[in-house]
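In: have a look; sequence and predicted model below, questions after that.
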Amino acid sequence: MTRFLPIFLFTSLTLATACSDGPALSGKIHLKAGSEWKPMVYLLDPGSWGAVAKNFSGTLLDSAAIAADGSFSFGKMPAVNGPVLLELTIQRKDQKLFPNRLEDENPAVANYMPFIWEPGKNLNVSADADAFQKTFTIENPDPENAAMLQLRDLRLSAFQQFLSENAPDTHTVEGLMNHEEALKAYQSRLMEFAEEDDLLLPALTAIRWVSPEADYERVPEFIVAQAEKWQARFPDHPWVQQLAAAADRSKLLVLIGDTIPDYPMPMHAGDTIPLRKMLAARLTILDLWASWCAPCRKENRNYLVPLWDKYHDQGFQIIGYALDAGRGAWTSAIQKDGADRWLHASDLNGDDSPFFRTLRISTIPANFLLDANGKVVAKNLHGEELVEWVEEWMKN
């Protein structure tokens with residue numbers, strides 16, 4: 001049977017004495033002798049979906065001293081009428097001013113944990129200060145908090161995999177591409193959790209952890225699908241409305257299934273041609289690159305040239321658009337890479353590209369794979385993944 005978290009509407013939270021027996025939130029935090037952590041624990045209200053897991057964003061609701069035996073308790077909790085996501089955090093002794101500082105670069109040593117509380121429930125938690133999020137436990141967790149702990153474990157595992165697969169040197173072409181692939185794999189595991197989970201607040205936390213910077217340029221289809229999923233179930237929930245605003249299609253990169261804008265392409269030859277007029281009969285790769293982009297140059301030489309040579313006579317086209325500012329470097333890169341086989345365009349405005357603004361994109365290398373009508377059938381495939389996809393498409 002599918003379970004859903006009840007709708008809970010709120011604007012700002014105030015504290016009230018818990019009505020149930022015993023403290024509403026209590027537990028133990030292990031502080032080793034000479035610990036760098038303050039003997040205090042802080043209760044934060046993110047206040048909005050975009051502030052979940054965001055540094056310096058949560059509002060301090062209350063604080064509690066950690067006793068010599070590690071125990072603490074909060075007698076007052078938010079005056080709410082349903083489930084609410086809160087954050088529990090500790091701070092280093094040298095952190096004088098900000099109880100809402102969240103250390104999150106490495107989840108294994110993150111100093112906070114999001115959890116779900118609702119009136120009438122008593123939570124008993126524990127954690128080791130030196131690995132607060134990693135060791136955070138809840139005694140007899142309800143399904144929502146069990147999902148939060150499951151998400152935490154999944155994120156820790158995914159991050160360890162990211163570290164093992166990520167190249168330490170991102171200054172090389174291979175290192176940059178390896179980093180991109182490792183990040184994609186890390187995000188994919190969190191995205192799968194959100195797609196499969198039927199509990200609102202755990203899913204919303206997973207979406208935030210996919211990109212704490214709220215940069216969904218590489219995964220716009222995911223954020224749109226999540227917004228549609230939760231709008232259908234909880235259209236009045238303010239956090240769902242905030243998610244929907246982040247998933248506004250007019251602000252996101254062109255999606256798979258959309259038709260590529262018919263942008264007037266300033267061609268290398270000097271003329272201007274509407275993009276869709278240049279599409280091939282079966283498949284076109286719109287390749288976004290630059291002469292100074294090392295991974296882009298490697299893609300030209302190692303993957304696009306062989307694909308062009310193999311499939312051009314079968315209704316296959318490549319259209320390159322360069323994020324360059326000078327014609328000389330652009331032309332030289334085309335010739336050196338053997339990319340003069342296919343069509344090229346650029347406004348030669350550098351980073352201030354009107355075509356990039358039209359597509360709502362800011363990151364390269366990037367590509368869109370288009371059918372004969374300009375429909376985006378895939379995008380941002382690179383290396384062997386691109387080759388395999390094109391080969392399968394051209395078979396059909």
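Out: Alright, I've got the coordinates.

In: now the helices: where do they sit in this protein?
Out: If DSSP state H is used as the criterion, the helices of the chain fall at 132-135, 143-165, 173-196, 200-210, 220-233, 238-246, 294-299, 305-311, 327-336, 354-359, 383-395.

In: now mean neighbour count and mean pLDDT too, for those, in TSV please.
Out: Placement of C-beta: from N, CA and C, glycine included. Below are the helices of the chain laid out as TSV (neighbours: other Cβ atoms under 10 Å; pLDDT from 0 to 100):
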stretch	mean neighbour count	mean pLDDT
helix 132-135	20	98
helix 143-165	17	96
helix 173-196	17	91
helix 200-210	24	98
helix 220-233	18	98
helix 238-246	18	98
helix 294-299	20	95
helix 305-311	16	98
helix 327-336	15	98
helix 354-359	16	98
helix 383-395	14	97
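
In: quick one, which of those helices is nearest to L286?
Out: Evaluated with Cβ to Cβ, these place helix 354-359 nearest to L286, the distance being 9.0 Å.

In: who does the closest one touch, helix- and strand-wise?
Out: Taking 3 or more Cβ pairs under 8 Å, 6 or more residues apart in numbering; DSSP states H and E as contact, there are no helices or strands that helix 354-359 lies on.

In: centre of the chain to that helix, how far?
Out: Taking Cα atoms, centre = their mean, to the nearest Å, one finds helix 354-359 lying 22 Å from the centre of the chain it belongs to.

In: same thing with stretch 139-154?
Out: On Cα atoms, centre = their mean, the centre of stretch 139-154 falls 21 Å from that of its chain.

In: picking that back up, with distance to L348 as added columns, please give the helices of the chain in TSV.
Out: Written out in TSV, the entries for the helices of the chain read as follows (distance: least, Cβ to Cβ, whole Å):
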stretch	distance to L348
helix 132-135	48
helix 143-165	37
helix 173-196	24
helix 200-210	35
helix 220-233	27
helix 238-246	33
helix 294-299	16
helix 305-311	24
helix 327-336	6
helix 354-359	11
helix 383-395	26
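
In: hmm, D142 is touching G120, no?
Out: No. Using Cβ atoms under 8 Å as the test, D142 is too far from G120 to be in contact (11.1 Å).

In: with neighbour numbers in mind, choose between the two.
Out: Taking neighbours as other Cβ atoms under 10 Å, D142 and G120 compare with D142 leading, 15 against 9.

In: per-residue pLDDT, that one?
Out: The model reports D142 with a pLDDT of 97.

In: per-residue pLDDT of the residue nearest the centre of the chain, please?
Out: For the chain, the residue whose C-alpha lies nearest the mean C-alpha position (Cα atoms, centre = their mean) is S211; its distance is 2.8 Å. For S211, the model assigns a pLDDT of 95.

In: now G22
Out: Confidence at G22, expressed as pLDDT, is 80.

In: wouldn't it be in contact with N122 here?
Out: Yes. In terms of Cβ under 8 Å, G22 counts as a neighbour of N122; the distance is 5.4 Å.

In: on that earlier part again, tell me the contacts of the residue nearest to the centre of the chain?
Out: With contacts defined as Cβ atoms under 8 Å, 6 or more residues apart in numbering, the neighbours of S211 are Q187, V219.

In: re the thing from before, which one of G22 and N122 has more residues nearby?
Out: Taking G22 and N122 together and counting by other Cβ under 10 Å, N122 has the greater number of neighbours (16 against 10).

In: circling back: and the residue nearest to the centre of the chain, how far is that from L275?
Out: Remark: distance between S211 and L275 (Cβ to Cβ, to the nearest Å) = 29 Å.

In: same deal with L199?
Out: Distance check for L199 against L275: by Cβ to Cβ, it reads 43 Å.

In: do R152 as well
Out: Taking Cβ to Cβ as the measure, R152 and L275 are separated by 45 Å.

In: same check, this time on M40
Out: For M40, the distance to L275 (Cβ to Cβ) stands at 59 Å.

In: more neighbours: the two, which one.
Out: In terms of neighbours (other Cβ under 10 Å), L275 is the more surrounded of M40 and L275; the figures are 21 against 16.

In: give me the local confidence score for the more buried one.
Out: Per-residue confidence (pLDDT) for L275: 98.

In: ok, I318 - contacts?
Out: By Cβ under 8 Å, 6+ apart, the contact set of I318 is T284, I285, D287, L304, L307, W308, R341, W342, L343.

In: with adjacent residues omitted, what lies nearest to D128?
Out: T135 (4.2 Å; Cβ to Cβ, 6 or more residues apart in numbering).

In: whoops, T59 was the one
Out: Here the nearest residue to T59 in space, its sequence neighbours aside, is D45; by Cβ to Cβ, 6+ apart that works out to 4.8 Å.

In: ok, now R155?
Out: Counting by Cβ to Cβ, 6+ apart, the nearest residue to R155 once its immediate chain neighbours are dropped is P107, at 5.4 Å.

In: tell me who's in contact with that neighbour.
Out: Taking Cβ under 8 Å, 6+ apart as the contact definition, P107 lies against Q133, K134, R152, R155, L156, F159.

In: can you add distance to R249 and give those residues back as a markdown table?
Out: Converted to a markdown table, these look like this (distance: Cβ to Cβ, whole Å):
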| residue | distance to R249 |
| --- | --- |
| Q133 | 34 |
| K134 | 37 |
| R152 | 31 |
| R155 | 28 |
| L156 | 33 |
| F159 | 30 |
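
In: go through the helices of the chain and name the closest to G27.
Out: Relative to G27, the nearest member of the helices of the chain by Cβ to Cβ is helix 132-135, separated by 11.7 Å.

In: hmm, who's touching the closest one?
Out: Applying Cβ under 8 Å, 6+ apart, the set of residues contacting helix 132-135 from outside is 29, 89-90, 107-113, 126-128, 152, 156.
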